[in-house]
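1. I would like the atomic coordinates for the input below:
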Amino acid sequence: AVQPYGGQNVASADCLMSRGMQQQLGFAAASLAAQGKLGMRKELPEEFVAQALKEVVMHEVGHTLGLRHNFKASAWKSLKDIEDPTKSNEATVASVMDYSPVNIAPPEGTQGAYYTPTLGPYDYWAIEYGYKPFSGEDGPELAKIAARSGEPGLDYATDEDTRSVDSDPFSNRFDLGSDPIAYAQRQIATVNLLVPKIVERSVEPGEGYQKARQSFGMLLSEYWRTVLFASRLPGGLQVARDHKGDAAGRAPFKVVDAAQQRAAMQLIGATAFQSPKIDASILNYLAATRWSHWGITEPLRVDLAVHDVISNMQARTVSQLLDPITLSRLQDSEMRTPADQDLYSLAEHLRTLVNLVFTEILEPKAGEYGARTPYVDGIRRNLHRTVVRQFSNMLTRVGGVPEDARVLARAHLTDLSTKIDGLLANEGVKLDEVSLAHMRDLKQRVEIVLKAELALPPVN
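-> As a prediction, this is how the structure comes out:
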């Protein structure tokens, strides 16, 4: 679990850190501005800047001493402990070799440390392994140090363990706390509270509204960034690097708790899959910069293409949930999960996704709908199309997803076709013009896919 850092990828790896830090600084500025905590000159607090610089310096010195990134370090403590202002002098993450996000307290909370103020237990352990002097043979002594890997705060996962398709959902860049769902809930709640105040508090009299656009973009980015952390829980495996005989040693793999996978899906359904409540008075003040200069990419639209932005982020979330590797791990979890433990199965996963996305079709609501009160709004219509498109790919493209996922997708599309017929025939539901056209189009898309032939590649 303790590995030296080769150094060949320092520049490219920490380029990711600099971009992530830039996003985090932007989120901090937008969040503190919306809370009215930036002062007259709109500068970040001095203690914030000092803590951020110290954390970066500790990280880079760690590299010079041979330490690699450790992206599980931020999952050491609970958010409650991290937010506790009485513990602001304690390490908030297990290692400064993680990419840590700024810890901004919720508007109603008391601000603790913005960044970890000191080294964590993993840092001391790794340095002890690499640099402790021994009077005799070092092999047995090093083995004793390494055997502690199962202790709290010594978990390790690095760059090659932290792609979106990798199995451990607790290894992420710029996440915080031992519970990804709790972190997402905190960040989403903060964004929802601050967005209505963006125009009022980020733009001073006499200024243009470009700062409101920038602040809104930073808050929206944080919202979706943390949703994606939660989307890695379904089908996830907790990975340990312990060796046989280690004290407190664990199995290399453990299926993420079924209740936690279900909770992640419900969070996604209640946030990412719903239309955001953004008042028109906000959207109409999000002005783009009009400064044309070398290096500036001028937008095709000066107004915010809000449907496109949200649809793109929903598509990323759906792609994670329906990634072939995610579905394969879910299928395998049916064998990995002991018989006496709760199981979150592949079938339950796809059924849950369908129930969260197609509520309007599966649970019709009587009433008369119009342009101002559509039966299915634009954000949800795009979501319907995204999931049908993903299911269609599963049916018509050979390979990739497990066959069980393909047949389940077919069953759900068949059921949706029948349910759409029922909705269209329901005299108690007076659909608005766009929702009616959407349902007919969705029905046609589903029918085309169900009737499509599956082309198998020739065998030589």
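2. buried residues, stretch 287-306. List them.
-> If you call a residue buried by 16 or more other C-beta atoms under 10 Å, then stretch 287-306 has these buried ones: 287, 288, 304, 306. (C-beta placed from N, C-alpha, C; glycine too.)
3. helix, strand, or coil at residue 214?
-> helix (DSSP: H, G, I helix; E, B strand; the rest coil).
4. now it: how far from residue 192?
-> 19 Å (C-beta to C-beta, to the nearest Å).
5. so between those two, which is more surrounded?
-> Higher neighbour count among residue 214 and residue 192: residue 214, with 19 against 15, using other C-beta atoms under 10 Å.
6. what's the distance between that one and residue 276?
-> Residue 214 sits at a distance of 18 Å from residue 276 (criterion: C-beta to C-beta).
7. before we move on, what about residue 21?
-> According to C-beta to C-beta, residue 21 stands 27 Å off from residue 276.
8. more neighbours: which of these two?
-> Per other C-beta under 10 Å, whichever of residue 21 and residue 276 has more neighbours is residue 21, with 19 against 14.
9. give the contact list for residue 303.
-> 286, 288 (C-beta atoms under 8 Å, 6 or more residues apart in numbering).
10. what about it, which SS state?
-> With three-state DSSP as the basis, residue 303 sits in coil.
11. how close does it get to residue 212?
-> For residue 303, the distance to residue 212 equals 13 Å [C-beta to C-beta].
12. okay if I get the buried residues of stretch 287-306 as CSV plus pLDDT, secondary structure and distance to residue 38?
-> Listed next are these as CSV, based on pLDDT from 0 to 100; DSSP: H, G, I helix; E, B strand; the rest coil; distance: C-beta to C-beta, whole Å:
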residue, pLDDT, secondary structure, distance to residue 38
287, 92, coil, 20
288, 88, coil, 22
304, 91, coil, 23
306, 94, helix, 26
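13. could you tell me whether residue 419 really is in a helix?
-> Yes - counting by three-state DSSP, residue 419 is located in a helix.
14. is it in contact with residue 359, as I believe?
-> No - with contact defined as C-beta atoms under 8 Å, residue 419 does not reach residue 359; the gap is 11.0 Å.
15. residues near residue 61, how many?
-> Residues near residue 61, counting by other C-beta under 10 Å, number 11.
16. helix or strand right after whichever strand or helix holds it?
-> Assigned by DSSP states H and E, residue 61 belongs to helix 46-64. Counting by DSSP H and E, the next helix or strand C-terminal to helix 46-64 is helix 79-83.
17. look up how far residue 177 lies from the residue nearest to residue 87 when sequence neighbours are not counted.
-> Leaving aside its sequence neighbours, residue 87 sits nearest to residue 81 (C-beta to C-beta, 6 or more residues apart in numbering; 6.4 Å). Distance of residue 81 to residue 177, computed by C-beta to C-beta: 9 Å.
18. neighbour-wise, which of these two wins?
-> Just comparing residue 81 and residue 177: by other C-beta under 10 Å the higher neighbour count belongs to residue 177, 24 against 14.
19. pretty sure that one sits against residue 74.
-> Yes - here residue 177 reaches residue 74: they are 7.2 Å apart, a contact under C-beta under 8 Å.
20. what bits of this structure have low per-residue confidence?
-> 1-16, 39-41, 398, 454-460 (pLDDT under 70).
21. strands along that one, start to end?
-> 237-239, 253-255, 367-368, 429-430 (DSSP state E).
22. want to throw these into a markdown table with distance to residue 158 and mean neighbour count?
-> Output for the strands of the chain, formatted as a markdown table (distance: least, C-beta to C-beta, whole Å; neighbours: other C-beta atoms under 10 Å):
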| stretch | distance to residue 158 | mean neighbour count |
| --- | --- | --- |
| strand 237-239 | 11 | 19 |
| strand 253-255 | 17 | 18 |
| strand 367-368 | 54 | 11 |
| strand 429-430 | 53 | 16 |
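23. go through the top helix by length along the chain and flag the buried ones.
-> Counting residues, the longest helix found in the chain (DSSP state H) is helix 10-34. Buried residues in helix 10-34, counted by 16+ other C-beta under 10 Å: 13-14, 17, 20-21, 23-34.
24. for stretch 409-429, same thing?
-> Applying 16+ other C-beta under 10 Å to stretch 409-429 flags 409, 412, 413, 416, 417, 419, 420, 423, 429 as buried.
25. next one: stretch 375-390
-> So, applying 16+ other C-beta under 10 Å, buried residues of stretch 375-390: 375-377, 379-388, 390.
26. pretty sure residue 366 sits against residue 429.
-> Yes - contact criterion C-beta under 8 Å: residue 366 and residue 429 qualify, at 5.7 Å.
27. stretch 36-52: end-to-end distance?
-> Terminal residues of stretch 36-52 are spaced 21 Å apart (C-alpha to C-alpha, to the nearest Å).
28. revised request: answer the last question for stretch 143-157.
-> End-to-end for stretch 143-157, by C-alpha to C-alpha: 20 Å.
29. stretch 265-277 now?
-> One end of stretch 265-277 to the other measures 20 Å (C-alpha to C-alpha).
30. quick one: distance of it to the chain centre.
-> 13 Å (C-alpha atoms, centre = their mean, to the nearest Å).
31. centroid residue for the protein?
-> Most central in the chain under C-alpha atoms, centre = their mean is residue 228, positioned 1.9 Å from the mean C-alpha point.
32. show me the contacts for it.
-> Going by C-beta under 8 Å, 6+ apart, residue 228 touches 164, 316, 317, 320.
33. thank you, goodbye.
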